[in-house]
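Student: next comes the sequence, and after it the predicted model I'd like to discuss.
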Amino acid sequence: MKALCLSFLLASTLGASAALLESPQKGGLKIQSLSSISFGPEGLLLVAEPGTASVLAVQTGDVGPQKEKLAKPVADIGAQIAAGLGVKKEDITVKDLAVNPASGRIYLGVQRRPDNAVLIVSVGSDGKITPLNLEPLSWARVTLPGGTASKVTNITDVAFDKDRVFATGTCNEEFASRIFTIPVPVKDGATASVFSAETYHVAHRKWETKAPIQSFIPYQSQEGTFVVGAFACTPVAKFKVDDIQSGAQVKGVSMVELGSGNRPLDLFSYTDKSGKEWLVVHTQRFKQNAFGPSKMWGARISMDYLDSQAPDKTNENAARRDEKQHDGPQGIEIVDALFGAVQVDKLSDTEAVVLRDAEGTLTLEVAALP
């Protein structure tokens, strides 16, 4: 009877998982490049593959249930990954980090030199590092369209949102910044819808069409569905994506400016213990650091800013953070736990997984959210 129950549960899980993919391939998957990874439901791994201008959807089979979180920090994880691959830690670059919400397991997208091979490894609650075996997995690849005489030059981020997958990137056109949407189930060999994005760059005091959305989250409010993204320097803007025809141009509304000289790396949202919603922007400062112990830092922004529609509070009048102050204006605060972080993802509404760099040594750990 136990064997029968297990078989039934496995069949149910595979059936539910299969609904996320249409006409998938099985086996033979080679990931040629990687810029971003994230998870949808039921262990569905999304991989941005800029070298082929495509998004991969991979059914990992890691469907939970959730186990214990990472029990203790994994020190010098770069060296551990490198040792398993037979190279030095200097030959390993961690391109991105993602937490699978179905299981709580941590995944790292890794590039190895000198052959530039791309690998994905997972980290269990015990800190054990395991390469993801792609061979038995079902997958689908969707090509992102450029234009009539252009091509996709980069993919910066990818995320699942209910009945579709969003991706952001650039093309070699005047309106270079792009938002792509892929319907779910993800069909192998299909293409995506594409929108050109125009944004008011608060620090630059002008509308721009070339700066890419570096990182984003899908966001729903009473107004509709949005892509909320952060750009270099660092405006946070929202783009309404309901009922837009492929090929259209969408104008963003800039809500907040975190300061000139920053490059966003990760975004996620969470609800604190009081029930207040926050957007966390993890970023890297490429100008001289005016605050804190590291050029890698992060801030949280009250979601109240995202609901603002008044012209006197958006675009050229968007709230601006004082780069020399820890907090302010009201509803914008530095997240101290993100100093030194090179990769971040949400684990729960109380914790995030952080890959932290200390003088060239990477440590993977769980950090409390404020």
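Tutor: The structure has been received and is ready for your questions.
Student: quick one: mean pLDDT over stretch 347-354.
Tutor: Model confidence over stretch 347-354, given as mean pLDDT, is 97.
Student: how about that stretch: buried residues?
Tutor: Residues of stretch 347-354 classed as buried by neighbour count (16 or more other C-beta atoms under 10 Å): 347, 351-354. From N, CA and C alone the C-beta is placed, and that goes for glycine too.
Student: would you format the residues you listed as TSV with secondary structure and distance to residue 311 included?
Tutor: As requested, the buried residues of stretch 347-354 are exported to TSV (DSSP: H, G, I helix; E, B strand; the rest coil; distance: C-beta to C-beta, whole Å):
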residue	secondary structure	distance to residue 311
347	coil	38
351	strand	38
352	strand	34
353	strand	39
354	strand	38
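Student: of those, which is the nearest to residue 136?
Tutor: Using C-beta to C-beta, the shortest approach to residue 136 within the buried residues of stretch 347-354 belongs to residue 353, at 26.3 Å.
Student: tell me the bridge partners for the closest one.
Tutor: According to DSSP bridges, the residues that bridge with residue 353 are residue 345, residue 366.
Student: same thing with residue 251?
Tutor: The residues listed as beta-bridge partners of residue 251 by DSSP bridges are residue 198.
Student: report how many residues lie close to it.
Tutor: For residue 251, the neighbour count with other C-beta atoms under 10 Å is 14.
Student: residues contacting it?
Tutor: By C-beta atoms under 8 Å, 6 or more residues apart in numbering, the contact list for residue 251 reads 197-199, 239.
Student: pull the most distant pair out of those.
Tutor: Counting by C-beta to C-beta, the most remote pair of these is 198 and 239, 9.2 Å apart.
Student: if you count surrounding residues, which of these two has more?
Tutor: More crowded of residue 198 and residue 239, by other C-beta under 10 Å: residue 239, with 24 against 17.
Student: what bridges to the more buried one?
Tutor: residue 227.
Student: ok, it touching residue 181?
Tutor: No - the criterion here is C-beta atoms under 8 Å, and residue 239 misses it with residue 181 at 11.4 Å.
Student: joint contacts of these two?
Tutor: Once C-beta under 8 Å, 6+ apart is applied, the residues that residue 239 and residue 181 both contact turn out to be residue 195.
Student: where along the stretch 151-300 of the chain do the strands fall?
Tutor: Under the criterion DSSP state E, counting those that start in this stretch, the stretch 151-300 of the chain carries strands at the ranges 152-161, 164-171, 177-183, 186-187, 193-201, 206-208, 215-221, 224-230, 235-240, 249-251, 253-257, 262-271, 277-285, 296-302.
Student: the shortest one pairs with which strands, parallel or anti?
Tutor: Translated: strand 186-187. strand 21-22 (parallel).
Student: same question for the second one.
Tutor: Taking DSSP bridges as the criterion, strand 164-171 forms sheet pairs with strand 152-161 (antiparallel), strand 177-183 (antiparallel).
Student: now the last one
Tutor: Strands that pair with strand 296-302, judged by DSSP bridges, come out as strand 277-285 (antiparallel), strand 332-334 (antiparallel).
Student: and it, how far from the chain's centre?
Tutor: If you compare the mean C-alpha spot of strand 296-302 with that of the full chain, they lie 15 Å apart, counting by C-alpha atoms, centre = their mean, to the nearest Å.
Student: mind listing what's buried in that strand?
Tutor: Of the residues in strand 296-302, those with enough neighbours to count as buried (16+ other C-beta under 10 Å) are 296-302.
Student: and the gap between residue 152 and residue 50?
Tutor: Summarising the geometry, the distance separating residue 152 from residue 50, computed by C-beta to C-beta, to the nearest Å, is 7 Å.
Student: what's the most buried one of the strands paired with strand 296-302?
Tutor: Mean neighbours per residue, mean count of other C-beta atoms under 10 Å, is largest over these for strand 277-285, with a mean of 22.
Student: hmm, back to that, between residue 198 and residue 239, what contacts are shared?
Tutor: Counting by C-beta under 8 Å, 6+ apart, the shared contacts of residue 198 and residue 239 are 250-252.
Student: can you add distance to residue 21 and pLDDT and give those residues back as a markdown table?
Tutor: Compiled in a markdown table, the shared contacts of residue 198 and residue 239 are given as follows (distance: C-beta to C-beta, whole Å; pLDDT from 0 to 100):
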| residue | distance to residue 21 | pLDDT |
| --- | --- | --- |
| 250 | 28 | 89 |
| 251 | 34 | 88 |
| 252 | 31 | 89 |
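Student: tell me the one of the residues you listed nearest residue 216?
Tutor: Closest approach to residue 216 among the shared contacts of residue 198 and residue 239 (C-beta to C-beta): residue 252, at 10.7 Å.
Student: I'd say the closest one and residue 236 touch.
Tutor: No - using C-beta under 8 Å, residue 252 and residue 236 do not qualify as a contacting pair, with a distance of 9.7 Å.
Student: if anything else comes up later, I'll come back, but that's it for now.
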